[in-house]
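In: pasted the sequence and its predicted model underneath.
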Amino acid sequence: MFKKLFGNKTKSKETTVLAPLSGNILPISEVPDPVFSQKMMGDGFAIEPSEGQVVSPVAGEVVQLFHTKHAVGLKTEAGTEVLIHIGLETVAMEGEGFEAHVAQGDKVSVGTPLITFDLALIQEKAKSIITPIVITNSDASESFEILAQGTVQKGETACAKVTMK
């Protein structure tokens with residue numbers, strides 16, 4: 001009776017993660033850093049970017065924006081936590097070449113610009129431009145599936161599907 005009165009408010013447990021960057025998608029196991037390749041932070045994928053803009057791959061909230069602007073954490077309504085870590089060992093750049101367009105607590109839609117960065121500067125100063133996209137609460141997920149291969153377009157290509165428990 002109450003479901004008829006108030007509607008069934010069961011939220012979806014599924015999140016489709018679109019490409020946050022344009023470039024070439026890679027398995028997380030190919031990231032040249034064991035923290036990511038061995039899934040110590042969670043399951044995911046990586047993108048070798050072809051340009052310096054990161055957009056939101058999901059609708060949700062910015063739950064973490066590192067002061068160095070090299071990484072951003074998002075959380076969806078389904079509870080999926082997505083970390084986008086631009087390049088490897090980019091924290092040492094101390095924010096040089098990065099510009100954030102959002103703040104912690106901001107609500108974002110798919111395609112909302114998050115961070116722009118100087119791709120050439122990262123190629124010069126960091127270990128790698130490869131950008132891991134990690135589901136940091138993978139342990140709370142029921143399944144994780146990669147949907148894309150090859151070249152992906154930011155805000156358009158569905159890269160992965162996560163189903164929470």
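Out: Perfect, thanks for sending it. The shown structure was predicted, so the numbers you read here are calculated from the model rather than taken from an experiment.
In: show me what counts as buried in stretch 67-74.
Out: Buried residues in stretch 67-74, counted by 16 or more other C-beta atoms under 10 Å: T68, K69, H70, A71, V72, G73, L74. Where C-beta positions appear, they are placed from N, C-alpha and C, glycine not excepted.
In: quick one: secondary structure of the last one?
Out: In the three-state summary, L74 is assigned as strand, counting by DSSP: H, G, I helix; E, B strand; the rest coil.
In: quick check: it touching V108?
Out: Yes. Under the criterion of C-beta atoms under 8 Å, L74 makes contact with V108 at 6.8 Å.
In: which residues are in contact with both of those two?
Out: Listed as contacting both L74 and V108 by C-beta atoms under 8 Å, 6 or more residues apart in numbering are S56, V58, G60, E61, V62.
In: is it correct that the second one falls within a strand?
Out: This points to V58. No. If the criterion is three-state DSSP, then V58 is coil and not within a strand.
In: could you identify the longest helix within the protein?
Out: Taking DSSP state H as the criterion, the chain has its longest helix at helix 119-125.
In: next structured bit after that one?
Out: Helices and strands here follow DSSP states H and E; after helix 119-125, the next one along the chain is strand 131-135.
In: OK, contacts around the closest residue to G111 other than its chain neighbours?
Out: Among residues not flanking G111 along the chain, G155 sits closest, at 3.7 Å (C-beta to C-beta, 6 or more residues apart in numbering). By C-beta under 8 Å, 6+ apart, the residues touching G155 are L18, A19, P20, V55, S56, P57, V110, G111.
In: going along the chain, name the strands of this protein.
Out: For the chain, applying DSSP state E gives strands covering 14-18, 23-27, 43-49, 53-55, 60-65, 71-75, 81-85, 98-100, 107-108, 113-117, 131-135, 141-146, 151-152, 158-164.
In: what mean pLDDT does the fifth one get?
Out: What strand 60-65 shows for mean pLDDT is 98.
In: give the buried residues for it.
Out: Neighbour-count burial for strand 60-65 flags G60, E61, V62, V63, L65 (criterion: 16+ other C-beta under 10 Å).
In: just stretch 133-144 next, same as before
Out: I133, V134, I135, T136, N137, S138, S141, F144.
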